[in-house]
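Q: Here's my sequence, what's the structure:
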Amino acid sequence: IFNDYLKSKIMKKKVLKLSSVVAALLLSIVTFAQRDPLKWPFAKTSIWNMPLHNNALYRPGNIGAAVSWGMTEDQDVIVMTPSSPLINVRTNSWTNRCPTGTPALLTTLPVPSDLIVTNGGTPNFAAGILQPDGHTIYQTQPFQKCVAGSTAFSQYVFAASDIYGDGRLGAHGGSGLSSIGGTIRVGELLPNASIKHALKINLYANKYVFYSAATGGYRWPASQADSYAASNYSTTCPNYMRMGALLALLPAFNINILQTEPAKIIARALQTYGGYVVDDTAWDVYAIETEIGPAGNVMTEFKAAYGYDYNVNSLTHPFAVDMATIFKALQCVDNNDANNIGGGPTTDTVNRRAPMAPGFTSAIAVTSVSVTPITGSMQVGSTLALTPAITPSNATNQTVSWSTNNGSVATVSSAGFVTAIAAGTAIITVTTQDGSKTATSSITVTAPASSNIALNKVSSMSCGFSPEYANDGNQATRWVACNGTFPKSWSVDLGANANLTRSEIDWEFNNRVYKYRVEVSANNSTWTTVVNKTANKVAGNMVDNFTASSVRYLRITITGAPNGVWASIREFRVIGTFTGARSAAQSHSVISSAQITAYPNPLINGDLKIDADGFEKNSETNITIHDALGRVILKKIIYTNKNGSINLSIGKQQILAKGLITISANSGKNKKLIKVFIQ
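A: Numbering: from 1, shown residues only. Predicted coordinates for the structure are as follows:
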């Protein structure tokens, strides 16, 4: 266009016309520069997307050349196919990646049936799999899918992540960092390509990763170090070289001294964005994480493009020599923290070694929403979960709100749980935040049958004291009470011949009322502990000090039986060491000493505190959280202390679930469950 303009010597009016054409071309370029979150995820200010700041403070990395291998692989399984059919993911072990038989179901995930991922050179296989909501990334390891079909395997589950969020945490066990952020993606290491994000690096921790009791062997943004850090990490390398360290090439590093194109691509990324130490190679080599998944395999396309392996088994091959040159030149950005990502103020997006990441491509709009069930019948006091379904399933904004047209008949929570209040009809409406699309469910509430009102008489010896029992006139409410001398350690059990699903238990202790949300699943032969004093925190507020001779009054009020129907509470008892003899009828009240408690319950904001007592001492304890559909949403392994106890805090943002969840603590022979509501 410009040459035509010069040749024809068009007047000023034509120049203005030309300027508008150029502007349109520039606008199209800017539009094209937006990024696809499936290929380039996370916020602009994510640790993976922030370029190094000009004020970065560099310290020597002191990394030597690998002693026996030029470069090794650590492949991350990345599955960004939220519309794929759900397949079963069953449990495996670190040493048996594809077990036979039918192991326990871990979860279901949208994974193409023809994907095959089998054990490779470095066995981490951290995986990030995008859920049908188009936002939530399920993170697990070691992920394996050994044959085509509908089953995959994995073992450990880590914090879920939002593809549009900060993307910091994930399934790299050595650091707790993301399964996806920092991974070299398919197409990024080909000739003339570039990497516009930080990388993930594995080092031989025994030589290059520092451990002390004061640091725990890690630094921000890492959330942990390997469980063996105290015995296998270095105690002599520089203090700043810990898991989570941001390594980079100095601005003055001369990339032209490198011989191979892929090494130059990696070097430019390390000079512009750096790379985070995320795992231990466990032998004297190093690695940079690469993608494997439905989009392809970086290892395969690398060899097709360059004619040699990424993990070349040589110390003299030009690519191996280049990578040794790069690693020996790496420095640690010692002033990298949450407020200074990349070594300078996180709020400063100007004074950096590259422009900030562009915005995401246009959001995928919500076109409609539906709700299940469309109609429902409930009895007073019961609870019903409504489930919304947004179309398309990968719409960008999945947020919905709930409302009722008749709160005196039925209320609805922010998570879509309907509670029947009184006989009548209520219309429950779900509304999408994007586009205000709506769908309704018609709920009919009826009173429970009168034959289910009466509470069975409670045996005095089951309580250990002199009990009372009553119906307070509300058909959905029952209560029982005891008063007497309470022991120092005690718990309260309810035995029922019906499931008291999603019941709310108010317990009044010395005239103070505490709410405790619980699911009681019991029958004529099973006792369920609904309150225990062991941690003193079940109800979230109780701070009473107990003495063996204290006289207490305890009353339990239960509301919200399923469908408003009570088959009857069979017994109520307080268990502990009492003064005086106990009848033989109480011999069945012995319970396991192992307990688990979680508070506050329900969790509305903040962290969920989990305490466990009475488990095996100094042993590995699996904490697993399932959602209402039985899917694992979080799995964490910690060790009990010398008293057989643990204390753990889990942030609400790590759970990413609303409604009823199940927390299990499994340590050797002891396994305990507890229910918590997330609001």
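Q: thinking Gly244 is in contact with Ala222, fair?
A: Yes: using C-beta atoms under 8 Å, Gly244 is in contact with Ala222, at 2.7 Å. Any C-beta I mention is one placed from the backbone N, CA and C, and that applies to glycine too.
Q: do you know how far Phe125 is from Phe158?
A: Distance, Phe125 to Phe158, using C-beta to C-beta, to the nearest Å: 13 Å.
Q: my bad, Ser113
A: Ser113 is 25 Å from Phe158, by C-beta to C-beta.
Q: Between those two, point out the one with more neighbours.
A: Counted by other C-beta atoms under 10 Å, Ser113 and Phe158 do not tie: Phe158 has more neighbours, with 26 against 15.
Q: List the contacts of Lys264.
A: Lys264 sits next to 255, 258, 322 when contact means C-beta atoms under 8 Å, 6 or more residues apart in numbering.
Q: Show the buried residues in those residues.
A: Neighbour-count burial within those applies to 255, 258, 322; the criterion is 16 or more other C-beta atoms under 10 Å.
Q: pretty sure the last one is touching Leu258, no?
A: By that I understand Asp322. Yes: at 4.6 Å, Asp322 counts as touching Leu258 under the criterion of C-beta under 8 Å.
Q: and the buried ones among the contacts of Lys264, which of them are in helices?
A: Asp322 (DSSP state H).
Q: quick one: which of the buried ones among the contacts of Lys264 is nearest to Ile604?
A: Each of the buried ones among the contacts of Lys264 was scored against Ile604 by C-beta to C-beta, and Ile255 proved nearest at 52.1 Å.
Q: number of nearby residues for the residue nearest to the closest one when sequence neighbours are not counted?
A: Leaving out its chain neighbours, the residue that sits closest to Ile255 by C-beta to C-beta, 6 or more residues apart in numbering is Ala267, at 4.9 Å. Look at Ala267: counted by other C-beta under 10 Å, it has 22 neighbours.
Q: Which residues are in contact with Ala267?
A: 249, 253, 255, 258, 322, 326.
Q: Try it again at 7 Å.
A: Each residue near Ala267 by C-beta atoms under 7 Å, 6 or more residues apart in numbering is listed here: 249, 255, 258, 326.
Q: Can you say which two of the residues you listed are spatially most distant?
A: It's Leu249 and Leu258 that sit farthest apart of these, by C-beta to C-beta, at 10.8 Å.
Q: one step back: residues shared between the contacts of Gly244 and Ala222?
A: Contact with both Gly244 and Ala222 is made by residues 175, 177, according to C-beta under 7 Å, 6+ apart.
Q: How much space separates the residue nearest to Ala198 when sequence neighbours are not counted from Lys303?
A: Nearest residue to Ala198, sequence neighbours excluded (C-beta to C-beta, 6+ apart): Tyr273, at 4.2 Å. Distance from Tyr273 to Lys303, counting by C-beta to C-beta: 25 Å.
Q: Specify which residue of these two has the higher count of neighbours.
A: Neighbour count, other C-beta under 10 Å: between Tyr273 and Lys303, Tyr273 has more, with 26 against 15.
Q: As a check, name the ranges of all helices in the stretch 251-400 of the chain.
A: Taking DSSP state H, counting those that start in this stretch as the test, the helices found in the stretch 251-400 of the chain are 261-272, 298-306, 318-329.
Q: JSON lines for those, including mean pLDDT and distance to Thr446?
A: As requested, the helices of the stretch 251-400 of the chain are arranged in JSON lines below (pLDDT from 0 to 100; distance: least, C-beta to C-beta, whole Å):
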{"stretch": "helix 261-272", "mean pLDDT": "98", "distance to Thr446": "65"}
{"stretch": "helix 298-306", "mean pLDDT": "94", "distance to Thr446": "60"}
{"stretch": "helix 318-329", "mean pLDDT": "96", "distance to Thr446": "71"}
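Q: Just tell me which of those ends up closest to Gln139.
A: helix 298-306 (19.3 Å).
Q: and the closest one, how far from the chain's centre?
A: Relative to the mean C-alpha coordinate of its chain, helix 298-306 is positioned 33 Å out (C-alpha atoms, centre = their mean, to the nearest Å).
Q: follow-up on the earlier one: next, format the helices of the stretch 251-400 of the chain as CSV and append distance to Phe210.
A: Below are those laid out as CSV (distance: least, C-beta to C-beta, whole Å):
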stretch, distance to Phe210
helix 261-272, 20
helix 298-306, 30
helix 318-329, 17
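Q: quick one, which of the ones you listed is nearest to Pro85?
A: When these are compared (using C-beta to C-beta), the closest one is helix 298-306, at 25.0 Å.
Q: what's the closest one in contact with?
A: 73, 184, 186, 189-191, 262, 290-291, 309-310.
Q: quick one: which of those sit in strands?
A: Judged by DSSP state E, the contacts of helix 298-306 include 73, 290-291 as members of strands.
Q: Any chance of TSV for these, columns neighbour count?
A: Formatted as TSV, the ones in strands among the contacts of helix 298-306 follow (neighbours: other C-beta atoms under 10 Å):
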residue	neighbour count
Glu73	19
Thr290	25
Glu291	23
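Q: ok, which stretches of this structure are helices?
A: In the chain, the helices defined using DSSP H lie at 2-8, 12-32, 205-208, 229-232, 261-272, 298-306, 318-329, 460-463, 652-655.
Q: Point out where the stretch 351-500 of the chain drops to low pLDDT.
A: The model of the stretch 351-500 of the chain has pLDDT under 70 over residues 448-500.
Q: Tell me how many other residues crowd the closest residue to His135 other than its chain neighbours.
A: Spatially, and ignoring its direct neighbours in sequence, His135 is nearest to Asp162 (5.2 Å; C-beta to C-beta, 6+ apart). Taking other C-beta under 10 Å as the neighbour definition, Asp162 ends up with a count of 17.
Q: does Asp162 have beta-bridge partners, and which?
A: In this entry, Asp162 is beta-bridged to Thr136, by DSSP bridges.
Q: coming back round to it: with distance to Pro85 added, can I get the buried ones among the contacts of Lys264 in JSON lines?
A: Formatted as JSON lines, these follow (distance: C-beta to C-beta, whole Å):
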{"residue": "Ile255", "distance to Pro85": "45"}
{"residue": "Leu258", "distance to Pro85": "45"}
{"residue": "Asp322", "distance to Pro85": "43"}
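Q: Is it correct that Tyr240 is in contact with Asp334?
A: Yes: the pair Tyr240 / Asp334 is scored as a contact, 4.9 Å apart, by C-beta atoms under 7 Å.
Q: so what's in contact with the two at the same time?
A: Taking C-beta under 7 Å, 6+ apart as the criterion, Tyr240 and Asp334 both touch Arg59.
Q: neighbours around the closest residue in space to Val312 that isn't next to it in sequence, how many?
A: If the residues on either side of it in the chain are set aside, Val312 comes closest to Gly70, at 4.6 Å by C-beta to C-beta, 6+ apart. Per other C-beta under 10 Å, the neighbour tally for Gly70 reads 25.
Q: OK, contacts around Gly70?
A: With C-beta under 7 Å, 6+ apart, Gly70 has these contacts: 312-315, 317, 319-320, 323.
Q: Ok, Leu105 next?
A: 88, 90.
Q: Check what pLDDT it gets.
A: Per-residue pLDDT puts Leu105 at 91.
Q: Thr183 too?
A: Here, the pLDDT recorded for Thr183 equals 97.
Q: same check, this time on His317
A: Taking His317 on its own, its pLDDT is 94.
Q: Skipping adjacent residues, who's closest to it in space?
A: His317 sits nearest to Gly70 (C-beta to C-beta, 6+ apart), 5.7 Å away.
Q: Many thanks, we can stop here.
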